[in-house]
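K.L.:
Structure for the following, please:
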Amino acid sequence: MKIALISTKATNIGDDLIRRGVRRLVVSALADSYDGELLWKVVNKHQPWTVYLKSQAARSVVARMPFGQRQVTEALTRISRRTGRDTVFTDADLVIQCGTPVMWFGVHESEWQGPIYDDALGREGRPPTLNLSGGSCFPWIAARPVQLIGADRMAISTMLDRSDLFTARDRLAAEVAGSLGRPTEVFSCAAIHSGGAVPAPGDGGVLLVNVMRRGGHFDWGQNLSSESWLATVDKVLAERTGRDRILFICHSDDELALARSRWPQHEAVLPRNTEEYLEVARRGRIGLVNRMHAAVTLAGLGIPAIGIGTDTRLLMVEQAGQPIRYVGDAEADELIEALADLDTHRLVYREALLENERRSFEAHRQHLLDSGILGRAAGR
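P.N.:
Residues are numbered from 1 along each chain as shown. The predicted model follows:
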């Protein structure tokens with residue numbers, strides 16, 4: 001069976017962890033009914049011209065262009081619509097959109113909307129399509145229910161229409177889908193399953209820390225102060241230094257540089273792949289993290305961690321069973337107290353997190369089976 005995974009490549013290890021969890025779900029769901037080979041390929045949605053260009057040489061030429069990539073993609077999309085030329089999905093038996101935010105203000109402007117959802121997956125006879133662990137990404141302080149402009153409503157509706165099965169990773173994403181006539185189930189993000197049901201040891205371990213300079217990817221016009229956030233982290237780490245070994249688990253070169261320059265007395269690592277990431281993560285006891293998929297992955301390993309962010313991706317962390325804080329409200333004294341609580345009741349939190357991972361895995365797996373979509377894909 002040929003399976004195309006719509007994802008992001010070589011940008012953020014969080015996406016790699018999502019794919020790892022998705023594959024575990026799908027392999028488990030197929031285990032009793034399909035014994036053939038599974039052939040996986042990743043379609044990088046941030047390079048949407050690869051939907052049409054099969055030649056690696058041609059793909060590389062466009063990738064190296066200093067500008068004009070969007071215009072090239074739009075031209076390829078127009079040609080494809082007129083001619084019906086093959087796409088990267090033509091010979092796939094199953095397509096899976098792997099997690100990530102799929103709902104935000106301005107989603108209609110995403111570079112992959114036209115080539116993937118409007119064109120390639122809008123064709124008659126397209127492969128069965130799963131959209132697993134779709135999430136929301138709205139400013140944390142935005143009014144709710146979310147008020148979408150017409151173009152965003154249309155883009156999200158099209159994405160949902162092209163998905164034979166859609167599952168949400170947070171309650172707000174499910175709420176938006178429901179408002180557009182697509183009731184959906186909510187499960188923990190697939191990244192929670194990336195650890196393969198192999199939890200971290202139950203004793204010992206370090207304080208895992210992940211810090212983004214702005215406390216998240218985007219400010220979203222919420223007037224958040226980078227220096228205020230970093231000063232808060234300074235105070236928290238100063239209080240914990242006497243009792244903890246602190247390890248920075250970084251997701252980017254920028255995070256690694258920040259950790260090594262601002263807190264050089266502590267170890268900082270940038271794992272190169274998911275295997276290394278999980279090996280480092282299993283050294284943890286408790287955590288304080290800005291990266292949302294750090295918090296989700298740690299949840300799957302039974303490591304309680306406070307997720308601190310700027311937008312509604314925090315709801316995904318909450319769904320995974322971890323405590324959350326909006327960075328604009330984060331105060332050092334309160335975070336110190338919250339970390340102390342995690343430490344004191346760590347084993348209780350650990351069991352709750354592991355049980356949540358087990359229940360979510362079985363429920364999400366069963367939902368896939370009940371949909372019958374995997375059976376359709378296997379029979380193509």
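
K.L.:
What is the lengthiest strand in the chain packed up against?
P.N.:
Scanning the chain for the longest strand, with DSSP state E as the assignment, gives strand 129-136. Applying 3 or more C-beta pairs under 8 Å, 6 or more residues apart in numbering; DSSP states H and E, we find strand 129-136 packed against helix 13-30, strand 94-98, strand 101-103, strand 165-168, helix 171-179, helix 314-319. Glycine gets a C-beta too; all of them are placed from N, C-alpha and C.

K.L.:
orientation of it relative to helix 171-179 in degrees?
P.N.:
120 degrees (axes from the mean of the first three to the mean of the last three C-alpha atoms, to 10 degrees).

K.L.:
Quick one, which of the helices and strands packed on strand 129-136 gets closest to S371.
P.N.:
Among those, strand 165-168 comes nearest to S371, with 4.8 Å by C-beta to C-beta.

K.L.:
Figure out the helix or strand that the closest residue to L30 other than its chain neighbours lives in.
P.N.:
Using C-beta to C-beta, 6 or more residues apart in numbering and skipping residues adjacent in sequence, the residue nearest L30 is L374, 5.8 Å away. Per DSSP states H and E: L374 is located in helix 373-378.

K.L.:
That helix: how far from the chain's middle?
P.N.:
25 Å (C-alpha atoms, centre = their mean, to the nearest Å).

K.L.:
which residues does the most centrally placed residue in the chain contact?
P.N.:
Among the residues of the chain, the one closest to the centroid is T100, at 4.1 Å (C-alpha atoms, centre = their mean). Contacts here follow C-beta atoms under 8 Å, 6 or more residues apart in numbering; on that basis T100 touches S7, T8, D15, I18, S133, G134, G135.

K.L.:
Name the member of the residues you listed that has the highest neighbour count.
P.N.:
S133 (33 neighbours; other C-beta atoms under 10 Å).

K.L.:
All the strands of the chain, residue numbers only.
P.N.:
2-7, 39-44, 94-98, 101-103, 129-136, 165-168, 185-186, 206-210, 246-249, 267-269, 284-289, 305-309, 324-326.

K.L.:
how far away is R70 from V289?
P.N.:
For R70, the distance to V289 equals 33 Å [C-beta to C-beta, to the nearest Å].

K.L.:
so where's the longest helix in the protein?
P.N.:
helix 346-371 (DSSP state H).

K.L.:
follow-up on the earlier one: among the helices and strands packed on strand 129-136, which comes closest to K41?
P.N.:
Taking the helices and strands packed on strand 129-136 one by one with C-beta to C-beta, strand 94-98 is closest: 10.4 Å.
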